[in-house]
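*Asks:* Pasting a predicted model and its sequence here:
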Amino acid sequence: MAHVTHKLKMLQQRRQALKGELATVVTEWQGLHDHMQKLRTRLIGVEREITECTTDTVVVSEHAMVRYMERVLGYDLDVLTAAILPEKILQQIQVVGSGEFPVESCEKKFVLIVRKNVVVTVEV
C-alpha cells in the first residue's frame, strides 16, 4: 500500500509540474500570437504602401533633371554653384559648418540651409 501511495504522490507532483509548464507555454503562445498579429498588420500596411508606390506613373529623378539642365540645356553647373554659394558665404560655412545663411545674389535673396558643410536646401 505504501508503494501505491508513494507512486500516487509522484504522479500528482508530475501532473502539477506539467500543468505549470503547460500554463507557461500557453502564456508564451498567446504573447507570440499577439506579436504575430501585430506583425501581420504592419506587413499589410507596408504592402499597401508598396502597391501605392508601384503605379504606372513614370517619375523623373532630380538627378536626371540636373543632368538634363547640364547636358541638354547647356547650364554650367560651376556657374550655378557659384551663384548659390558665393565666396563670402562659403567662408562663413567653413567656419560654422551648419546653420542658415542668408544670401543676396543677382538681386535675389534666399537662405542656404547647411548641415555639416553640405548645402541641403535653399529657401526663398
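*Replies:* Looks like it arrived, so ask away.

*Asks:* Next SSE downstream of the longest helix along the chain?
*Replies:* Assignment by DSSP state H gives helix 2-53 as the longest helix of the chain. Remark: after helix 2-53, the chain's next helix or strand is helix 62-71, criterion DSSP states H and E.

*Asks:* from the chain's centre, how far out does the helix or strand just after that following helix sit?
*Replies:* Note on helix 62-71: by DSSP H and E, the next helix or strand toward the C-terminus is helix 77-84. Put simply, helix 77-84 sits 32 Å off its chain's centre (CA atoms, centre = their mean, to the nearest Å).

*Asks:* same for helix 77-84, what does it pack against?
*Replies:* strand 99-105 (3 or more CB pairs under 8 Å, 6 or more residues apart in numbering; DSSP states H and E). Backbone N, C-alpha and C define where each C-beta goes, glycine included.

*Asks:* which outside residues touch the strand it packs on?
*Replies:* 83-86, 89, 92-93, 109-114 (CB atoms under 8 Å, 6 or more residues apart in numbering).

*Asks:* returning to that earlier point: what mean pLDDT does the longest helix of the chain get?
*Replies:* Throughout helix 2-53, pLDDT has a mean value of 85.

*Asks:* so how far is it from its chain's centroid?
*Replies:* 32 Å.

*Asks:* Quick check: phi and psi at residue 115.
*Replies:* Residue 115 adopts backbone torsions of phi -130, psi 120, taken as degrees, to the nearest 10.

*Asks:* so who does the closest residue to it other than its chain neighbours touch?
*Replies:* Distances taken as CB to CB, 6 or more residues apart in numbering put residue 98 closest to residue 115, at 5.2 Å, once the chain neighbours are dropped. Applying CB under 8 Å, 6+ apart, we find residue 98 in contact with 114, 115, 116, 117.
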